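Asker: Output the structure for:
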Amino acid sequence: QNQFEQYDAETFAQAGVAYDEAAAAYGTADSASLEAAARSVALYEKVMNEGYRVWSQDLIAKNGEIIALCDAIKAKRSLPNEYASADETYQKALLQGKANDWEGAYGSLSASLVAFADVYQNASLKRNAAETAIATAKSRQEESTALALKADEVAPLPEGAEGFSEEAASETA
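Answerer: You can find the predicted model right below:
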């Protein structure tokens, strides 16, 4: 179904031979049939594991790319819980790979890729909202300064007016 035979054609062929031996011995030599069937299953599982290992390598690279993007926008700081959850899933996947459970690793890698993509998207939205708020505040400040300068031209405050001073504002109020 997944065409994993391309990743370990020799083992796949051996599994097919063992399956044929099991089918041929069935009903006449049941013990030999069972042994050949077990060998066939083990060989097919080896092929399947190799296929998931190859697929997992691609997902490890993709996870690395999205993690780098998340780190570039400091997503770990802006969404610490979501980032930690995605990273936990990723670390679990790496452990599954080290344990030679590549089917499990593939599932966890797929989940971590989706989780990190969500973290990146949400952190980007949060960052964009903050940048918009900063730009809006800066624009309002510039408008206020311009309005104050215009008011000062139209009706300047007299020297010594209450609340007016050339000194910098005190930070202790």
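Asker: C-alpha coordinates for stretch 55-70, CSV please?
Answerer: C-alpha atoms of stretch 55-70 as CSV (Å, rounded to 0.1, in the frame of the first residue of the first chain):
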residue,chain,number,x,y,z
TRP,A,55,9.7,8.8,5.7
SER,A,56,10.6,9.9,9.2
GLN,A,57,14.0,11.3,8.0
ASP,A,58,12.0,13.7,5.8
LEU,A,59,9.8,14.7,8.6
ILE,A,60,12.8,15.3,10.9
ALA,A,61,14.2,17.7,8.4
LYS,A,62,10.8,19.5,8.0
ASN,A,63,10.5,19.7,11.8
GLY,A,64,13.9,21.2,11.9
GLU,A,65,12.9,23.9,9.4
ILE,A,66,9.7,24.9,11.3
ILE,A,67,11.5,24.8,14.6
ALA,A,68,14.1,27.2,13.2
LEU,A,69,11.2,29.5,12.0
CYS,A,70,9.6,29.4,15.4
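Asker: contact partners of it?
Answerer: Stretch 55-70 has contacts (Cβ atoms under 8 Å, 6 or more residues apart in numbering) with 76, 83, 87, 90, 93-94, 97, 102, 105-106, 109-110, 112-113, 116-117, 119-120, 123. For the C-beta atoms, the positions are set from N, CA and C on the backbone; glycine is no exception.
Asker: Report the mean per-residue pLDDT for the longest helix anywhere in the chain.
Answerer: For the chain, the longest helix by residue count, based on DSSP state H, is helix 102-154. Taken as a whole, helix 102-154 has a mean pLDDT of 86.
Asker: what's the offset of it from the middle of its chain?
Answerer: 19 Å (Cα atoms, centre = their mean, to the nearest Å).
Asker: and it, what other elements does it pack with?
Answerer: For helix 102-154, the contact count by 3 or more Cβ pairs under 8 Å, 6 or more residues apart in numbering; DSSP states H and E identifies helix 30-72, helix 75-78, helix 80-98 as packing neighbours.
Asker: With Glu10 as the reference, name the closest of these.
Answerer: Nearest to Glu10 among the helices and strands packed on helix 102-154 is helix 30-72 (9.4 Å), distances taken as Cβ to Cβ.
Asker: tilt between the closest one and helix 102-154?
Answerer: If you take axes from the mean of the first three to the mean of the last three Cα atoms, to 10 degrees, helix 30-72 sits at 10 degrees to helix 102-154.
Asker: tilt between helix 30-72 and helix 80-98?
Answerer: 150 degrees.
Asker: Serialize the helices and strands packed on helix 102-154 to TSV and add fields for distance to Asp152.
Answerer: Formatted as TSV, the helices and strands packed on helix 102-154 follow (distance: least, Cβ to Cβ, whole Å):
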stretch	distance to Asp152
helix 30-72	44
helix 75-78	41
helix 80-98	47
